[in-house]
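Chemist: please find the sequence and the predicted model below.
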Amino acid sequence: MRECLQRLDELKAEEQQSSAEALYHRGRALNVLPAHSPESERLLSRAVKLRPALAQAWNELGECYAKRGDADNARTCFEGALRHGDDASRKVSLRNLSILMRQQKPDSSSGASAAEDRLKNIEQGLAKAREVRQNFHNNKSVFDAKVVSRPGCPAGHL
């Protein structure tokens with residue numbers, strides 16, 4: 001990570017500020033830490049604003065939001081990556097959405113309704129997982145839901 005950040009620092013300041021790719025790479029490097037990085041979030045947000053078609057930045061920003069516990073913004077980012085990405089990015093987006101949906105807590109506070117909401121979230125997540133299995137050759141299991149909203153998990157496992 002240090003080497004990557006050092007190389008990015010070597011870029012001219014004005015190039016780094018205007019280059020969505022450079023912002024994405026720097027934000028991604030900062031996002032490897034297990035804790036949420038506000039600086040990573042800021043850089044990745046700027047990258048997607050400068051270049052909305054950069055699906056990898058959308059996915060990384062979604063992971064950053066997920067670390068912060070912001071499931072709504074994470075979902076928006078993963079869906080943004082689906083709109084802009086190639087097959088590789090779409091696969092990551094669908095996997096991330098699947099995990100996020102299955103771990104999302106119900107909105108309502110009533111017992112039966114909360115259980116129904118939870119079941120609905122799980123079913124939606126499994127539907128995304130099936131979509132990955134049907135459309136892509138996937139080496140990483142989309143059923144591996146051990147990362148989102150769990151403190152201390154390394155980045156990139158979302």
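Modeler: Looks like it arrived, so ask away.
Chemist: switch to C-alpha atoms for all contacts and neighbour counts from now on
Modeler: Noted.
Chemist: which ones are touching residue 1?
Modeler: 29-30 (Cα atoms under 8 Å, 6 or more residues apart in numbering).
Chemist: and it, how far from residue 91?
Modeler: 25 Å (Cα to Cα, to the nearest Å).
Chemist: same question for residue 120.
Modeler: Counting by Cα to Cα, the gap from residue 120 to residue 91 is 22 Å.
Chemist: which stretches of the chain form helices?
Modeler: Under the criterion DSSP state H, the chain carries helices at the ranges 2-10, 13-18, 20-30, 38-50, 55-68, 71-84, 87-103, 111-135.
Chemist: can I get those helices in a markdown table including mean pLDDT and mean neighbour count?
Modeler: Listed next are the helices of the chain as a markdown table, based on pLDDT from 0 to 100; neighbours: other Cα atoms under 10 Å:
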| stretch | mean pLDDT | mean neighbour count |
| --- | --- | --- |
| helix 2-10 | 75 | 12 |
| helix 13-18 | 54 | 13 |
| helix 20-30 | 93 | 23 |
| helix 38-50 | 95 | 20 |
| helix 55-68 | 94 | 28 |
| helix 71-84 | 90 | 21 |
| helix 87-103 | 82 | 24 |
| helix 111-135 | 66 | 16 |
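Chemist: alright, I will stop here.
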